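S.K.: Here is a sequence with its predicted model. Questions after.
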Amino acid sequence: MRLTIRDTKEQVGNYIAEYIAKRINSFTPTPAHPNIVLGLPTGSSPLPVYRRLVELHKEGKVSFKDVITFNMDEYVGIPRDHSESYHTFMFTNFFSLIDIDPKNTHILNGNAEDLYKECEDYEAAIRGVGGIDLFLGGIGADGHIAFNEPGSSLTSRTRIKTLAYETILDNCRFFNNDLSLVPRMALTVGVQTVMDAKEVVLVVTGQNKSLALSQMIEGGVNHMVTASALQTHPWALVVCDEDATLELRVKTVKYFKSIEKVQDEVESKYGPVASVRLGLSRATAA
Ligand SMILES: N[C@@H]1[C@@H](O)[C@H](O)[C@@H](COP(=O)(O)O)O[C@@H]1O
């Protein structure tokens with residue numbers, strides 16, 4: 001796992017957006033895998049990423065015409081056009097502002113008649129397009145990824161999940177601070193669904209995520225902090241702001257900053273492509 005630290009959440013957003021745009025622009029289609037496939041999150045942390053991606057699109061630097069997306073999760077039981085549904089979030093903050101083909105966007109239907117089938121079909125749809133190339137994710141204050149709350153199996157797949165009380169409290173701010181309005185259940189991709197992606201990028205910003213960040217990076221792999229499963233992913237990148245590093249050991253911060261410095265030196269000497277070929281980016285990413 002690699003940790004990249006930037007001063008502010010806007011810089012984190014810019015870094016990740018440019019990283020994703022680079023991946024889209026350098027994607028080589030093959031008959032078996034003709035489109036780049038992205039996994040996408042909702043939440044406040046990824047907003048600066050979406051803002052910068054929209055800017056890059058408007059500047060003509062990236063197109064989403066051939067991009068396929070799968071969202072991480074959706075609440076169960078609120079209307080699709082509810083202001084706080086993840087459908088609305090994605091349409092308002094991203095899909096309506098770029099040139100993506102709506103039929104290439106996938107979001108779980110929390111109102112499906114058969115929620116179990118909805119989850120199975122979602123996994124099948126991901127397999128059908130050849131798997132996810134890059135999964136972007138956020139992290140909950142309790143260390144969850146998507147809606148994989150503490151205690152979720154690290155081999156879980158898309159399914160129905162009851163939300164943790166801490167998450168319900170956290171999300172209350174989006175529902176007029178009325179606890180009774182916050183959905184208690186969600187459909188979510190599993191930890192293993194995220195782990196199956198070729199590459200995972202996590203956005204972690206703000207002091208309220210600092211404990212979760214230290215647990216996922218410095219603690220052991222643990223189902224009580226489901227994002228910690230990324231320690232075993234062959235290509236995981238966490239990008240955080242300075243506020244989120246508050247609970248990390250100084251030694252950890254210095255270590256990852258030094259890795260980035262060495263990486264920059266290698267890239268300026270050999271060029272980014274050469275360093276990838278030499279396996280250097282990959283080595284430091286993992
Ligand atoms: N299911 C979402 C997660 O995918 C997201 O990472 C988390 C943090 O959201 P925020 O970035 O707003 O703190 O919120 C919800 O629980």
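M.R.: On my side now, so go ahead. Numbers count the residues shown, from 1 in each chain.
S.K.: all strands for the stretch 51-200 of the chain, in order.
M.R.: When assigned using DSSP state E, counting those that start in this stretch, the strands of the stretch 51-200 of the chain occupy the ranges 67-71, 73-75, 105-106, 134-137, 159-162, 185-188, 199-204.
S.K.: Now render those strands as TSV, adding mean neighbour count.
M.R.: Using the backbone N, CA and C atoms, a C-beta is placed for each residue, glycine as well. As requested, the strands of the stretch 51-200 of the chain are exported to TSV (neighbours: other Cβ atoms under 10 Å):
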stretch	mean neighbour count
strand 67-71	22
strand 73-75	24
strand 105-106	19
strand 134-137	25
strand 159-162	18
strand 185-188	25
strand 199-204	24
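S.K.: what would those look like in JSON lines with distance to the ligand?
M.R.: Putting those into JSON lines (distance: least, Cβ to the nearest ligand atom, whole Å) gives the following:
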{"stretch": "strand 67-71", "distance to the ligand": "9"}
{"stretch": "strand 73-75", "distance to the ligand": "5"}
{"stretch": "strand 105-106", "distance to the ligand": "16"}
{"stretch": "strand 134-137", "distance to the ligand": "6"}
{"stretch": "strand 159-162", "distance to the ligand": "10"}
{"stretch": "strand 185-188", "distance to the ligand": "7"}
{"stretch": "strand 199-204", "distance to the ligand": "8"}
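S.K.: Next, format those strands as a markdown table and append mean pLDDT.
M.R.: As requested, those are exported to a markdown table (pLDDT from 0 to 100):
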| stretch | mean pLDDT |
| --- | --- |
| strand 67-71 | 98 |
| strand 73-75 | 97 |
| strand 105-106 | 98 |
| strand 134-137 | 98 |
| strand 159-162 | 96 |
| strand 185-188 | 97 |
| strand 199-204 | 98 |
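S.K.: Now Val225. Nearest residue, chain neighbours left out?
M.R.: Counting by Cβ to Cβ, 6 or more residues apart in numbering, Gly143 is the residue found nearest to Val225 once chain neighbours are left out, at 3.3 Å.
S.K.: Was I right to think that neighbour contacts Leu230?
M.R.: No. Under the criterion of Cβ atoms under 8 Å, Gly143 lies out of contact with Leu230, with a separation of 10.7 Å.
S.K.: okay, now Gly130: neighbour count?
M.R.: 15 (other Cβ atoms under 10 Å).
S.K.: Report the contact partners of it.
M.R.: Contacts of Gly130 were listed using Cβ atoms under 8 Å, 6 or more residues apart in numbering, and they are Ala32, His33, Val37.
S.K.: Report the separation between the residue nearest to Val225 and Gly219.
M.R.: Going from Gly143 to Gly219 by Cβ to Cβ, to the nearest Å gives 9 Å.
S.K.: shared neighbours of the two, anything?
M.R.: The overlap between the contact sets of Gly143 and Gly219 (Cβ under 8 Å, 6+ apart) consists of Val225, Ser228.
S.K.: Pick out whichever of these two has more residues nearby.
M.R.: Summary of the neighbour comparison: Gly143 and Gly219, criterion other Cβ under 10 Å, with Gly143 having more neighbours (23 against 14).
S.K.: And the more buried one, its phi and psi?
M.R.: Gly143 has phi and psi values of phi 90, psi 10 when expressed as degrees, to the nearest 10.
S.K.: who wins for neighbours among the contacts of Gly130?
M.R.: Tallying neighbours with other Cβ under 10 Å puts Val37 at the head of those, with 22 neighbours.
S.K.: which SSE is that residue in?
M.R.: Element membership of Val37, judged by DSSP states H and E, is strand 36-40.
S.K.: sorry, back to before: just put the contacts of Gly130 in TSV and tack on distance to the ligand and pLDDT.
M.R.: As requested, the contacts of Gly130 are exported to TSV (distance: Cβ to the nearest ligand atom, whole Å; pLDDT from 0 to 100):
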residue	distance to the ligand	pLDDT
Ala32	30	88
His33	26	92
Val37	18	98
